[in-house]
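Participant: My questions are about this predicted structure, shown below with the sequence.
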Amino acid sequence: MDHPLPRQRLRITFGRGEQIKYITHLDMMRLWERLVRRARLPVSFSAAQPARPRLSLAAPLAVGVTSEAELLEMYLDTRLPLAPLARRLAIECPAGIVVNQIQEVALSLPSLQSLVRFSEYRVTIQAQTPAAEIEQRIAGVLAARELPRQRLRDKDIRRYDLRPQMDSLWLSDWHDGECLLGMLLQTDEHATGRPDDVLAVLGLADCPRSIQRAKLILAQPQPAASLGGRHPPRYRQL
Amino acid sequence: MPPVDSGAGAIAARLDSLLPAMQRPARYSGGEWNSVVKTWSGRLRLALVYPDVYEESICDQWTLAVYARLNSDESMLCERAYLPWPDMDDALLQAGLPLYSLESKRDLAAFDAILVVLADELAFPGVLTLLQLARLPLHRQERGPGQPLLLGIGPCTANPEPLADTFDAFIVGEVEPEIVSRAVSALLAGRPAPDGVYIPAADDGTSRELVAHTLHALPPPLERPLVPFVEARRERGVVALQWQPVYAWIGQPARRYPVQQALAAVEAVLASTGYDHIQLSGWHDQAETIADSLSSRYAGTHTHFSFERVPMAAAAVAIAGSLPAASKGGITFAPTEAADGAREEMVAAARRAFRLGWRIARLDISAGAPGDEEALAQLARLARQVRDAGREEIDGQAQTHVTAIPYVARALGPHERAALPAGAEWEARLQLLGHEIRGAGLRLAWRALETRLVRQALARGDRRLGGVIEQVWRSGARRPLESENVAAWQAAFAGAGLDLDVYATRRRPSNEALPWARLRVE
């Protein structure tokens, strides 16, 4: 079978709402594969067997977490104008998935996954802890040189340091026992900071909460022209 | 009942504290493509429950079709529930939350009626799990006005006597909106049962003939099946080429869909689901036309097609091989006999399949019908010859997998009164297949071997088995998987003064009234 070269690469920003927040990363991949079929988009397929549609999600979103800014890229065999494409997707999206933006990106860019650096989360918790106390705990956590944590993964205990996974952490709002925390956590191929972990070191693990990913922050590749073809691209962090 | 909107929103709010700790919580949150959410007021409200876990239940094509058919009627709404896995089961009980519908997250007890699909005898104890989680009494006499009616539907309603003390009524035969409305109105008004409805409380089981409900017209193939978000047992769309009656075993003639209707259903299922694989179920005398049309329409679209089962004839195999992007892992045949004269052609069909690129020939056979020893010996010979043919064609890559499914004699079927092989007679069949079907490239598997007698006993059971089912449920059989504990069934039968083996296999003499004696299918 012929595999025409992709003609268009699209980056889609979408939200995941309450209705659909319990699906896994793999479920989300399957959902998008079905979504683009329902919308009849001319998605490119990989040359490998079995051929897979060329879709990629930037970074897994934990089960139970909503998001305003998930990123997905797809390659198309045919160039399509963006407005009708957005309409087709909007019609076919299940409840809980909202496409916020579609932009065309250069076919030559490195893979989406390799560009992700940080996730910004907004975490709302119900806690009677006073604001000053929370501020103090945040300061304590940020001042720590290391925050050893462990997690049971399959049957192995994985030990790691949470501190370098936390870029920043702040109290955005507090009233009547409801407090809104902001977190900027590492999200790349080396480590993924988890909001639940941060709540644990703040002593707020048992509070009812809702977690939303507000933003995914990508590295900006330097213009390829200045590098020459054979060098790996370098990144300028935002 | 006044339209008390109990629990809308309230349950959903509490689920947020429960679901994050559950395994695969998306099984409990609904919202799937092709699920139907209607406004609550001014309609007959039905909850449709398949008493098994989500991943199994959501693949049941009959249930999916009933869901779509009932929701096509604007005078009613139909929402779904399934049995939770153990973690969610415990969590619901501990949190004091009821089993709820996936569509509007409402307490099952808030519906007018709960329709329970009875498709597998092993799921009978699960009905009690459903009642307990819905916080409803287990026996119909203990439920009262203001509580939902419990209606049984599906294949096992051919003989629902073991569950007669649990259900308010059974819809006997096919299910469509009109018969459901009539059943509910008759029950609420205390009127006699309409045709096609069996109300255990209203008669002693002998009063008059019970005619199974039939559909006036051939219902269209299902075009908008539910698409689960979580990985289910079957990740593909199914398009029926022929209509499957609810009592499939009684030998009604097949009713095939016109070719154009079947092709339109393929297009509709692809468009409504986004699946990349369509499985065609049931064979069609114009299968070649269908395959040609699919090829011209879908070649090069990365859409895969397969037949669920293929007749064991070379021409049929060639048609299956011509489907676009045909999946070439395994091809499934379901031979019922392989007499000496016919076997050569059957082997040629399998040879053709190996030559066309299939690696695995699957033979689904039934074992344990009265007097089937010779047929089984011939089928075993067939399996060996298929294996040999595969090795000649593609050497060691060829695999022949035989799945033996124990035969269950059901109400109105050809062996409804027959003695079934027991003891040494049954052992002889196991040995025959086990001895003949083995060696390199040949594999025998038994499906539901241990539970054969349980299914068989319940399929021909009478009202005394209600207590047995309850006992097994109390011993821990909350879901069908846990109903596979045969020792628990044996103990419960013994506790009721019955012997499971004898009950399951004994001949029903012609002067013995069968529990389903009044039932007639036209």
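Facilitator: The structure has been received and is ready for your questions.
Participant: tell me the contacts of the closest residue to chain B within chain A?
Facilitator: Proximity of chain A to chain B (Cβ to the nearest Cβ) peaks at residue A:34, 2.8 Å away. Glycine gets a C-beta too; all of them are placed from N, C-alpha and C. For residue A:34, the contacting residues are B:33, B:227, B:273-275, by Cβ atoms under 8 Å, 6 or more residues apart in numbering or on different chains.
Participant: Also residue B:481?
Facilitator: Contact analysis of residue B:481 by Cβ under 8 Å, 6+ apart lists residue B:53.
Participant: quick one: it is in a helix?
Facilitator: Yes - counting by DSSP: H, G, I helix; E, B strand; the rest coil, residue B:481 is found in a helix.
Participant: Could you check the pLDDT of it?
Facilitator: Predicted confidence (pLDDT) for residue B:481: 95.
Participant: any idea how far the residue nearest to the spatial centre of chain A is from residue A:67?
Facilitator: In chain A, the centroid-proximal residue (Cα atoms, centre = their mean) is residue A:59; its distance is 4.3 Å. Residue A:59 is 10 Å from residue A:67, where distance means Cβ to Cβ, to the nearest Å.
Participant: Give me the below-cutoff pLDDT ranges for chain B.
Facilitator: Low-confidence segments of chain B (pLDDT under 70): B:1-7, B:203-207.
Participant: Up against chain A, what does it have?
Facilitator: B:16-17, B:19-20, B:24-26, B:28-29, B:31-33, B:227, B:229-231, B:235, B:270-276, B:300, B:302 (Cβ under 8 Å from any Cβ of the partner chain).
Participant: where does chain A have its least confident helix or strand?
Facilitator: In chain A, no helix or strand scores lower on mean pLDDT, DSSP states H and E than strand A:235-236, which sits at a mean of 42.
Participant: Just give me the neighbour total for residue B:403.
Facilitator: 16 (other Cβ atoms under 10 Å in any protein chain shown).
Participant: ok, it - contacts?
Facilitator: Here residue B:403 is in contact with B:362-365, B:445-447 (Cβ under 8 Å, 6+ apart).
Participant: isn't residue B:352 right up against residue B:320?
Facilitator: No - using Cβ atoms under 8 Å, residue B:352 is not in contact with residue B:320; the gap is 9.6 Å.
Participant: So if I had to pick from those two, which one is more boxed in?
Facilitator: Taking neighbours as other Cβ under 10 Å, residue B:352 and residue B:320 compare with residue B:320 leading, 27 against 21.
Participant: By proximity to chain A, which residue of chain B wins?
Facilitator: Chain B approaches chain A most closely through residue B:274 (2.8 Å), counting by Cβ to the nearest Cβ.
Participant: OK, contacts around that residue?
Facilitator: Counting by Cβ under 8 Å, 6+ apart, residue B:274 has contacts A:33-38, A:92, B:33, B:227.
Participant: let's go with 6 Å and repeat that
Facilitator: Residues in contact with residue B:274 (Cβ atoms under 6 Å, 6 or more residues apart in numbering or on different chains) are A:34, A:37-38.
Participant: any idea how far it is from residue A:93?
Facilitator: 11 Å.
Participant: again with residue B:289
Facilitator: 36 Å.
Participant: between the two, which one's more packed in?
Facilitator: Neighbour totals were compared for residue B:289 and residue A:93, and residue A:93 leads with 18 against 15 (other Cβ under 10 Å).
Participant: Now do the more buried one, the pLDDT please.
Facilitator: Confidence score, pLDDT, at residue A:93: 96.
Participant: now for the longest helix along chain B, which elements pack on it?
Facilitator: The residue-count maximum for a helix in chain B (DSSP state H) belongs to helix B:373-394. Here helix B:373-394 touches helix B:340-355, strand B:360-367, strand B:399-406, helix B:423-436, going by 3 or more Cβ pairs under 6 Å, 6 or more residues apart in numbering or on different chains; DSSP states H and E.
Participant: Could you check the angle the longest one makes with strand B:399-406?
Facilitator: Inter-element angle recorded for helix B:340-355 and strand B:399-406: 130 degrees (by axes from the mean of the first three to the mean of the last three Cα atoms, to 10 degrees).
Participant: contacts for helix B:340-355?
Facilitator: B:312-314, B:317, B:331, B:338, B:361, B:382, B:385-386, B:389-390, B:393-394, B:398.
Participant: Can you point out the buried residues in that helix?
Facilitator: If you call a residue buried by 16 or more other Cβ atoms under 10 Å in any protein chain shown, then helix B:340-355 has these buried ones: B:343, B:346-347, B:349-355.
Participant: Got a quick ChimeraX command for the buried subset of the residues of chain B next to chain A?
Facilitator: To isolate the buried ones among the residues of chain B next to chain A in ChimeraX, judged by 16+ other Cβ under 10 Å, type:
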select /B:19,20,24,25,26,28,29,31,32,33,227,229,230,270,272,273,274,275,276,302
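Participant: Next up, the contacts around the residue nearest to the centre of chain A.
Facilitator: Residue A:59 is in contact with A:116, A:187, counting by Cβ under 6 Å, 6+ apart.
Participant: ditto for residue B:101
Facilitator: Contact analysis of residue B:101 by Cβ under 6 Å, 6+ apart lists B:47, B:79, B:81.
Participant: Helix or strand: which one has the first one?
Facilitator: Just to be clear, that refers to residue B:47. strand B:44-53 (DSSP states H and E).
Participant: which residues are contacting that strand?
Facilitator: Here strand B:44-53 has contacts from B:57, B:60, B:63, B:67, B:76-83, B:85, B:101, B:108, B:111-117, B:123, B:126-127, B:130, B:480, using Cβ under 6 Å, 6+ apart.
Participant: pretty sure the residue of chain A closest to chain B is in a helix, no?
Facilitator: Yes - counting by three-state DSSP, one finds residue A:34 located in a helix.
Participant: Next one: it, what pLDDT does it get?
Facilitator: 97.
Participant: Kindly provide the distance from it to residue B:276.
Facilitator: Residue A:34 is 8 Å from residue B:276, where distance means Cβ to Cβ.
Participant: Right, I'll call it a day here.
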